[in-house]
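Asks: okay, predicted coordinates and the sequence, questions at the end:
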Amino acid sequence: MRLVVVAALLTIGVGFSLTAGLGLIRMPDVYTRVHSSTLAAVLGAVPVFLALVVGKGPISRYGGESLLACILVLVFAPLSAHALLRATYRGRVPLWSGAKVDQPRDRLRGKDSGADAGDEPDSGAGPEPQARG
Amino acid sequence: MRVVAVATWCYLVWVALSWTATVEFAVAGLLVSLAVGLALSPLGHLPGPWTLLRPRRAAAVLALGTWVLVHSTASSLRLAARIWTPRRPLASGMVIVPTRARTDAELAAVGILTSLVVDSQLVDLARADDELQFHVLQAPAGGAEDARRAINGPVERLLLGALGRREEST
């Protein structure tokens, strides 16, 4: 029974890792591809760690180390995704043509056009990655 | 008290990593943990692991963990379905949402937990304006407050509850 659970968890983990890899190819721009990389961490790596815990027992050296590895993956995957996305956006890499909204850019354009027309500058400026540096 | 809190967390990590029940490992872990506690305690307040024993806080942390687990799994399955069937519409975009997180720890926790729900990834923040910038796979309809309710609102409510801070009304 334990072997069946381990095999199922490994299959789930490998399956989602494969899906995340496919997502890196199929997604239309770098921003959406980063979502796939987080998918690899959440449903790709965690089931593999759980398989190790189930296979070797939760109260064991493997159980403790798997738990720590799991926490590290779940913390550092979003952190690395954030660093990558922030650098990409500040590097002015455009969203794909089908993107529905780019509020920071729209806000920046609104400010620019307001300044051109002699209006008061928008006091509620939010994150403007293109303008910062 | 800060030193004790940091040292206790460190000692738990030491036990999980070493997993060796000998006096040498126990004493070495204690000394290393105390050194780490002394070195890192000036960085700021850290709740000790014993605070999780308070029923109210334990329930709040459990509720937060359950919410993240459920929504993270659901959003991962949605993304996997989208990858395998590319004909599904993709309404991605960059959105700005207000946040009620104020401290460094709250902002970091909100950023990590909302990004674990793979529909939304934190891109940037503007502390002066209490705003977060997310890249989302499904841009929410409505205004900024609607977007907050859809993206970071539930995590913030549960997180601030777990930290024992009430949300400020905006």
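Replies: That came through, no problem. Numbering: from 1, shown residues only, chains lettered A, B, ... in the order given.
Asks: which ones are touching the spatially most central residue of chain B?
Replies: What sits nearest the mean C-alpha location of chain B, by C-alpha atoms, centre = their mean, is B:Ala109, with 3.1 Å. Taking C-beta atoms under 8 Å, 6 or more residues apart in numbering or on different chains, we find B:Ala109 in contact with B:101, B:159. (C-beta placed from N, C-alpha, C; glycine too.)
Asks: how confident was the prediction at it?
Replies: At B:Ala109, the predicted lDDT confidence score is 91.
Asks: helix or strand: which one has it?
Replies: For B:Ala109, the host element (DSSP states H and E) is helix B:104-116.
Asks: and A:Glu65, by the same measure?
Replies: helix A:61-90.
Asks: against which helices or strands is that helix packed?
Replies: With contacts defined as 3 or more C-beta pairs under 8 Å, 6 or more residues apart in numbering or on different chains; DSSP states H and E, helix A:61-90 has these neighbours: helix A:30-39, helix A:46-56, helix B:2-18, helix B:104-116, strand B:120-126.
Asks: and chain B, what are its domain boundaries?
Replies: Segmentation of chain B into domains, based on automatic domain parsing, reads B:2-49, B:54-162.
Asks: and A:Ser60, how close does it get to chain B?
Replies: Separation of A:Ser60 from chain B (C-beta to the nearest C-beta, to the nearest Å): 7 Å.
Asks: which bits of chain B sit near chain A?
Replies: B:13, B:15-17, B:19, B:72-73, B:76-77, B:79-80, B:83-84, B:86, B:90-96, B:111-112, B:115-116, B:118-119, B:121-126, B:129, B:131-133, B:135, B:137, B:139 (C-beta under 8 Å from any C-beta of the partner chain).
Asks: and the helix holding B:Ala109, how far out from the chain middle?
Replies: In this view, helix B:104-116 has its centroid 4 Å away from the chain centroid, taken as C-alpha atoms, centre = their mean, to the nearest Å.
Asks: orientation of it relative to strand B:120-126 in degrees?
Replies: If you take axes from the mean of the first three to the mean of the last three C-alpha atoms, to 10 degrees, helix B:104-116 sits at 150 degrees to strand B:120-126.
Asks: in CSV, list the C-alpha atoms belonging to helix B:104-116.
Replies: C-alpha atoms of helix B:104-116 as CSV (Å, rounded to 0.1, in the frame of the first residue of the first chain):
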residue,chain,number,x,y,z
ASP,B,104,8.5,44.2,6.1
ALA,B,105,7.4,40.8,7.5
GLU,B,106,3.8,41.2,6.5
LEU,B,107,4.7,42.4,3.0
ALA,B,108,7.1,39.5,2.5
ALA,B,109,4.6,37.0,3.8
VAL,B,110,1.8,38.4,1.6
GLY,B,111,4.1,38.4,-1.5
ILE,B,112,5.2,34.8,-0.9
LEU,B,113,1.8,33.4,-0.1
THR,B,114,0.0,35.2,-3.0
SER,B,115,2.7,34.0,-5.4
LEU,B,116,2.2,30.4,-4.3
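Asks: and B:Thr51, what does it touch?
Replies: Neighbours of B:Thr51 in contact, by C-beta under 8 Å, 6+ apart: B:Arg57.
Asks: mind putting the helices and strands packed on helix A:61-90 in a markdown table, distance to A:Leu18 included?
Replies: Output for the helices and strands packed on helix A:61-90, formatted as a markdown table (distance: least, C-beta to C-beta, whole Å):
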| stretch | distance to A:Leu18 |
| --- | --- |
| helix A:30-39 | 11 |
| helix A:46-56 | 13 |
| helix B:2-18 | 30 |
| helix B:104-116 | 20 |
| strand B:120-126 | 21 |
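Asks: and the gap between B:Gln121 and A:Ala81?
Replies: Noted for B:Gln121: a distance of 5 Å to A:Ala81, by C-beta to C-beta, to the nearest Å.
Asks: find residues that contact each of those two.
Replies: A:34-35, A:38, B:115.
Asks: ok, residue 101 - how many residues close by?
Replies: Because you didn't say which chain, this covers chain A. 18 (other C-beta atoms under 10 Å in any protein chain shown).
Asks: wait, chain B was what I had in mind.
Replies: Neighbours of B:Ala101 (other C-beta under 10 Å): 24.
Asks: Three-state assignment for it, please.
Replies: Here B:Ala101 is coil, with the state taken from DSSP: H, G, I helix; E, B strand; the rest coil.
Asks: and it, what does it touch?
Replies: B:107, B:109-110, B:156, B:159-160.
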